[in-house]
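J.: Here you go, sequence then predicted model.
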Amino acid sequence: MKEALEKLQTYQWGDDRKALRPIDEAIVASHGDDAARAEIETALIGVLTSDATRNGKDYVCRKLKIIGTAASVPTLAAMLGDDNHSHMARFALQSIPGTAASNALTGALSDSSIPDELKIGVIGSLGARGDDSVVGPLGKLLNGDNQQLATAAANALGAIQTADAAKLLASAKPTETVMDATLACAEGMLRGGDKSGAKAIYQRLMTSKEKQIKLAATRGVLACSK
């Protein structure tokens, strides 16, 4: 695997992927072996902190999405403000289980050195994680002055689809995005078995002036009665 890791220093998309196959094979072989997987993870983190090419680091992020643990979080978090690496760093972080990854992503939201266009991606990753613990930080953005971040926060809350997410959306200005996200929360709650909570949201949405929202809410109320 040593030669494959060295190849990442100069790797470009279009290069022969056979050179990286030892890394792929080592990851597969390490399944169920925490010590071996931790060794691989450490080696991959080393690539991220080196002068490896952007494509080499992108490859590493894809692998850390699969095997990454809290050990990878600090290095990936440090990449969130880098326009060249932010997308792939959050791509990995959004799949790493545990509070460390969630905290790293929410921490980026208050980092003034990270531009809004990158924060929008971070917000999307928080929504993709479906972690109810990040609802609070998203709520601050939802009711903030930055409309781009507020819209992204609404979409993320709609992806999380919990009662807490729905409660925050209820406090926001009822834009089309907020209404759609609220409806998504109700649908998620219904799928999760919270019929009473979902029904209350649907009933509130039935007062909407938007015909599509009103129709969907009416169907939702009927679904809650089954």
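T.: Noted; the coordinates are in hand.
J.: Grab the nearest non-local neighbour of the most centrally placed residue in the chain.
T.: The residue at the geometric middle of the chain, judged as the C-alpha nearest the mean C-alpha position with C-alpha atoms, centre = their mean, is residue 125 (1.8 Å). Counting by C-beta to C-beta, 6 or more residues apart in numbering, residue 94 is the residue found nearest to residue 125 once chain neighbours are left out, at 3.9 Å. From N, CA and C alone the C-beta is placed, and that goes for glycine too.
J.: Can you report phi and psi for that neighbour?
T.: phi -70, psi -10 (degrees, to the nearest 10).
J.: what are the ranges of the helices in the protein?
T.: For the chain, the helices defined by DSSP state H cover 2-7, 21-29, 34-48, 54-67, 73-77, 86-93, 99-109, 116-129, 135-142, 147-160, 163-170, 176-191, 195-205, 211-224.
J.: What's the local residue count around residue 37?
T.: The local packing count at residue 37 equals 19, with neighbours defined by other C-beta atoms under 10 Å.
J.: residues contacting the closest residue to it other than its chain neighbours?
T.: Residue nearest to residue 37 in three dimensions, not counting chain neighbours: residue 30, with 4.2 Å by C-beta to C-beta, 6+ apart. Under the criterion of C-beta atoms under 8 Å, 6 or more residues apart in numbering, the neighbours of residue 30 are 36, 37, 40, 67.
J.: thinking the residue nearest to the centre of the chain is in contact with residue 96, fair?
T.: No - here residue 125 lies out of contact with residue 96, judged by C-beta atoms under 8 Å, at a distance of 10.5 Å.
J.: Pull up the gap between residue 216 and residue 205, please.
T.: Distance check for residue 216 against residue 205: by C-beta to C-beta, to the nearest Å, it reads 7 Å.
J.: Please identify the most buried of the helices of the chain.
T.: Relative to the other members of these, helix 86-93 carries the highest mean neighbour count by mean count of other C-beta atoms under 10 Å, namely a mean of 24.
J.: what mean pLDDT does it have?
T.: Averaged across helix 86-93, pLDDT comes to 97.
J.: One more: stretch 59-66?
T.: Across stretch 59-66, pLDDT averages out at 97.
J.: So what touches it?
T.: Contacts of stretch 59-66 from elsewhere in the structure, counted by C-beta under 8 Å, 6+ apart, are 8, 11, 20, 23, 27, 41, 44-45, 47-48, 52, 72, 76, 85, 88-89, 91-92, 94-96.
J.: list the residues that contact both of residue 216 and residue 205?
T.: Common neighbours of residue 216 and residue 205 are listed as residue 183 (criterion: C-beta under 8 Å, 6+ apart).
J.: Just name the closest of the contacts of residue 30 to residue 176, please.
T.: Nearest to residue 176 among the contacts of residue 30, counting by C-beta to C-beta, is residue 67 at 39.7 Å.
J.: Could you measure from the closest one over to residue 31?
T.: 9 Å.
J.: Next, show the common contact partners of those two.
T.: Here residue 67 and residue 31 share the contacting residues residue 37, scored by C-beta under 8 Å, 6+ apart.
J.: The residue nearest to residue 125 reaches residue 121, doesn't it?
T.: No - applying C-beta under 8 Å as the test, residue 94 and residue 121 come out as separate, 9.9 Å apart.
J.: Tell me how many other residues crowd residue 70.
T.: Residue 70: 14 neighbours (other C-beta under 10 Å).
J.: please renumber so the chain begins at 236
T.: Understood, numbering begins at 236; the last thing we discussed is residue 305.
J.: Show the pLDDT at the closest residue to it other than its chain neighbours.
T.: Nearest in space to residue 305, with sequence neighbours left out and distances taken as C-beta to C-beta, 6+ apart, is residue 335 at 4.1 Å. The predicted local confidence for residue 335 comes out at a pLDDT of 97.
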